[in-house]
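Asker: Here is a sequence with its predicted model. Questions after.
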Amino acid sequence: CSQENDFADATVSLAADIPADADFLPIGTKDTPFAGVFEGNGHEISGLAPDCDYAGLFAFTDGAEIYDLTVSGDVFAFNYAGGIVAYAVETVIENCVGNACVYADYYTGGIAGYMESGEIRSCSTTSYPAIIGYEAYTGGILGAGKADIISCTNNAYIEGIRNTGGIAGSSSGNISYCLNAFSIEASGVNCGGIAGYTNGTVSYSRNKSAVAGKGKTGGIVGVASDAVISECLNEGAVNAEGNYAGGIAGYVTGGKLADCLSKANVTNSADFVAGIFGYSSASATERCLFTASVTSRTSTGAAIGAVSNGTVADCYYNSASSSKAFVTGTAKTGAAGISASDIAKASSYTNWDFNKVWAINEIHASHPLLINVGYHSLTVTDDVEATCTSDGYIKEFCTLCHETITTVFPATGHDYKIVSVKYASCTEPGYTDKVCTICNFAVSEDVPALPHPDENADEICDDCGKDLKVKQPTEKKSFFQKIIDFFTGIFDWLKNLFK
């Protein structure tokens, strides 16, 4: 059901937002794929509603370039459905936005259904659509393929069965600097916050929403087969009903996991659940950290996971949250618990790179942070400067994950300047008058009178001449005592007179 327009060596430039016709047919066919350049120029094609195999704005592309375009509507297919492209070969899709709900049994993606090769760069989905796959290969950006995916963000709800991921359902390419910001649900196996299945690489990527699957479920990848997973951050809770669940990966065979951090709880109603991976066979795991807790059906839960003929080195976990390192297996060393008081100290970690990979911020973070992951693309929305008496703040909105971040700056306090002084003496108190140079708030401070100086110890004040001698208090006599004293005095006078 596709139009046969290849536009080879041509550039199509969109000059305005346009609605799709009711009888619109996706561009390109398998025999005549679109091969030109499509410049969206920031405009939107709305109302897209194809209902056929290979559904999307483009059905087939080969050697195409698609830039700066938003597509909205509802896309339906049995096989291969994408908000922008259904099936692509050697295609570049850059700075495009998928604002369409996409539904298919196989190969369902918010941007592309399947890509044999090429690149998806700086693309995103909005929070409006849902990406629903009824069988296999469902992803927020790409259903499945070998394309590289760089700096992409998924904000759409994703629901699938097998091979379901926030960025890619299944990937044999390189995924880097990507973010999944919405929840993922799969009723089957191979479910991950970034990729459901990968035999490529996943690096510098972050999942910040809940991931729920049947089994082989991970915060970053569900299944990693001879893959390299490095410098990835998981902040979304992981919940699996079947075996194998991990904060980073559910099930790992071969390859490597290195320098990854999982901060979210992992729950499994079956077996083999852990903070880093559920199960690992013949793979190497290095310098990973798990800071949350694990809940499992039996005692098979642990911080790191079950290991079969693999290695674990320099990995750590919060000892207050996890009681043991390994589920079971051949690895018995290479992981250690750290107390809450030591987990944010660089000295607690061996062979970690705290210059280029990890960072320590003991004031604002309770654990090491990944330098190249988890940073926002922020736009200031409100800025209030701190005053002498009131806190200030900056509110920033992340254009990637739609989170609002508020940074508070404490009140500066007054900066006083002395404007008038009366110095205290031994006879009079003094005062100091001050005015804030910032807000002109005035304040007067009383200074009590000084003690009398008496350096020569003559009991006379050196400054004012006051007698400093201590006078004995006069005894106070009663009226009757005064009368007695009066007559006693007269008697003594008369006695002396007649002597």
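Answerer: Yep, it's here.
Asker: Check which residues of stretch 422-440 are buried.
Answerer: If you call a residue buried by 16 or more other CB atoms under 10 Å, then stretch 422-440 has these buried ones: 432, 434-436. Where C-beta positions appear, they are placed from N, C-alpha and C, glycine not excepted.
Asker: Nearest to Ala136 among these?
Answerer: Cys436 (68.5 Å; CB to CB).
Asker: Would you mind measuring from that closest one to Asp23?
Answerer: 73 Å (CB to CB, to the nearest Å).
Asker: repeat for Phe326
Answerer: Taking CB to CB, one finds Phe326 at 60 Å from Asp23.
Asker: can you check Val380 too?
Answerer: 46 Å.
Asker: More neighbours: the two, which one.
Answerer: Val380 (9 against 6; other CB atoms under 10 Å).
Asker: if we can go back for a sec, so which of the buried residues of stretch 422-440 comes closest to Ser127?
Answerer: So of the buried residues of stretch 422-440, ranked by how close each gets to Ser127 (CB to CB), first place is Cys436, at 47.0 Å.
Asker: got the contact list for stretch 417-428?
Answerer: Outside stretch 417-428, the residues that touch it by CB atoms under 8 Å, 6 or more residues apart in numbering are 430-437, 447-453, 461, 463-464, 466.
Asker: redo that, cut-off 10 Å
Answerer: Applying CB atoms under 10 Å, 6 or more residues apart in numbering, the contact partners of stretch 417-428 are 429-437, 442, 444-453, 461-464, 466.
Asker: Please spell out which residue in the chain sits farthest from the middle.
Answerer: Phe498 (114.4 Å; CA atoms, centre = their mean).
Asker: and that one, what is it in contact with?
Answerer: With contact set as CB under 10 Å, 6+ apart, Phe498 has no partners.
Asker: do Ala336 as well
Answerer: Ala336 neighbours (CB under 10 Å, 6+ apart): 303-304, 314-317, 319, 325, 348-350.
Asker: Count residues in the vicinity of Ser117, would you?
Answerer: Based on other CB under 10 Å, the number of other residues close to Ser117 is 15.
Asker: pLDDT score for it?
Answerer: You'll see Ser117 listed with a pLDDT of 97.
Asker: Could you find the closest non-adjacent residue to it?
Answerer: Here the nearest residue to Ser117 in space, its sequence neighbours aside, is Glu90; by CB to CB, 6 or more residues apart in numbering that works out to 5.1 Å.
Asker: and what of Asp467?
Answerer: Asp467 sits nearest to Ile460 (CB to CB, 6+ apart), 6.3 Å away.
Asker: Count the neighbours of that neighbour for me.
Answerer: Neighbours of Ile460 (other CB under 10 Å): 14.
Asker: Please apply the same query to Gly188.
Answerer: 20.
Asker: Likewise for Ser262?
Answerer: 31.
Asker: so what's it up against?
Answerer: Ser262 touches 207, 218-220, 232-236, 238, 246-249, 274-277, 288-292, 303, 317, counting by CB under 10 Å, 6+ apart.
Asker: which secondary element of the protein has the worst mean pLDDT?
Answerer: Within the chain, confidence by mean pLDDT, DSSP states H and E is lowest for strand 326-329 among all helices and strands, at a mean of 66.
Asker: Following the chain past that strand, name the next helix or strand.
Answerer: strand 335-338 (DSSP states H and E).
Asker: ok, for Tyr393, nearest residue in space, not its chain neighbours?
Answerer: Val408 (4.8 Å).
Asker: To clarify, my last question referred to Tyr317.
Answerer: Ala303 (3.5 Å).
Asker: Please tell me I have it right and that neighbour contacts Phe290.
Answerer: Yes. Between Ala303 and Phe290 there is a contact under CB atoms under 10 Å: 5.1 Å.
Asker: residues shared between the contacts of those two?
Answerer: 247, 262, 266, 274-276, 315-318, 321-322, 325, 335, 337.
Asker: What residues sit buried inside stretch 340-348?
Answerer: So for stretch 340-348, counting by 16+ other CB under 10 Å, buried means 343-344, 348.
Asker: First residue to last residue on it, what's the distance there?
Answerer: Terminal residues of stretch 340-348 lie 11 Å apart, using CA to CA, to the nearest Å.
Asker: What of stretch 185-205?
Answerer: For stretch 185-205, the end-to-end distance is 19 Å (CA to CA).
Asker: buried ones in that stretch?
Answerer: Buried residues in stretch 185-205 (16+ other CB under 10 Å): 185-186, 188-205.
Asker: Point out where the stretch 251-400 of the chain drops to low pLDDT.
Answerer: The model of the stretch 251-400 of the chain has pLDDT under 70 over residues 298-301, 322-323, 327-332, 362-365, 374-378, 398-400.
Asker: coming back round to it: tally up the residues packed near the residue nearest to Ser117, please.
Answerer: 17.
Asker: so who does it touch?
Answerer: 33, 35, 61-65, 115-119, 147.
Asker: And for Gly250?
Answerer: So Gly250 contacts 189-192, 196, 211, 213, 215-224, 238, 240, 242-244, 266, 268, 272-274, 277-279, 305 (CB under 10 Å, 6+ apart).
Asker: Run me through the strand neighbours of the one helix or strand Tyr316 maps to, direction for each.
Answerer: Using DSSP H and E, Tyr316 sits in strand 315-318. When sheet partners are counted by DSSP bridges, strand 315-318 sits next to strand 289-290 (parallel), strand 335-338 (parallel).
Asker: Highest mean neighbour count out of the ones you listed?
Answerer: strand 289-290 (a mean of 30; mean count of other CB atoms under 10 Å).
Asker: roughly how far is whatever helix or strand comes next after that one from the heart of the chain?
Answerer: Going down the chain from strand 289-290, the next helix or strand is strand 294-296, by DSSP H and E. Computed by CA atoms, centre = their mean, to the nearest Å, the chain-centroid distance of strand 294-296 equals 23 Å.
Asker: Quick one: mean pLDDT for the longest strand seen in the chain?
Answerer: Criterion DSSP state E: the longest strand present in the chain is strand 65-82. The pLDDT scores in strand 65-82 average 96.
Asker: can I get the CA coordinates of that strand in PDB?
Answerer: Taking Å, rounded to 0.1, in the frame of the first residue of the first chain, the C-alpha atoms of strand 65-82 are listed here in PDB:
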ATOM      1  CA  GLU A  65      18.300  11.200   5.000                       C
ATOM      2  CA  ILE A  66      15.400  12.600   7.100                       C
ATOM      3  CA  TYR A  67      15.800  15.700   9.200                       C
ATOM      4  CA  ASP A  68      13.800  18.000  11.600                       C
ATOM      5  CA  LEU A  69      10.400  16.500  11.200                       C
ATOM      6  CA  THR A  70       7.500  15.700  13.600                       C
ATOM      7  CA  VAL A  71       4.900  13.100  12.700                       C
ATOM      8  CA  SER A  72       1.600  12.500  14.500                       C
ATOM      9  CA  GLY A  73      -1.400  10.300  14.100                       C
ATOM     10  CA  ASP A  74      -2.100   6.500  14.400                       C
ATOM     11  CA  VAL A  75       0.000   3.900  12.600                       C
ATOM     12  CA  PHE A  76      -1.200   0.300  12.300                       C
ATOM     13  CA  ALA A  77       0.500  -2.700  10.700                       C
ATOM     14  CA  PHE A  78       0.800  -6.400  11.000                       C
ATOM     15  CA  ASN A  79       4.600  -6.300  10.400                       C
ATOM     16  CA  TYR A  80       6.900  -3.200  10.400                       C
ATOM     17  CA  ALA A  81       5.500   0.000  11.800                       C
ATOM     18  CA  GLY A  82       7.300   3.200  12.700                       C
END
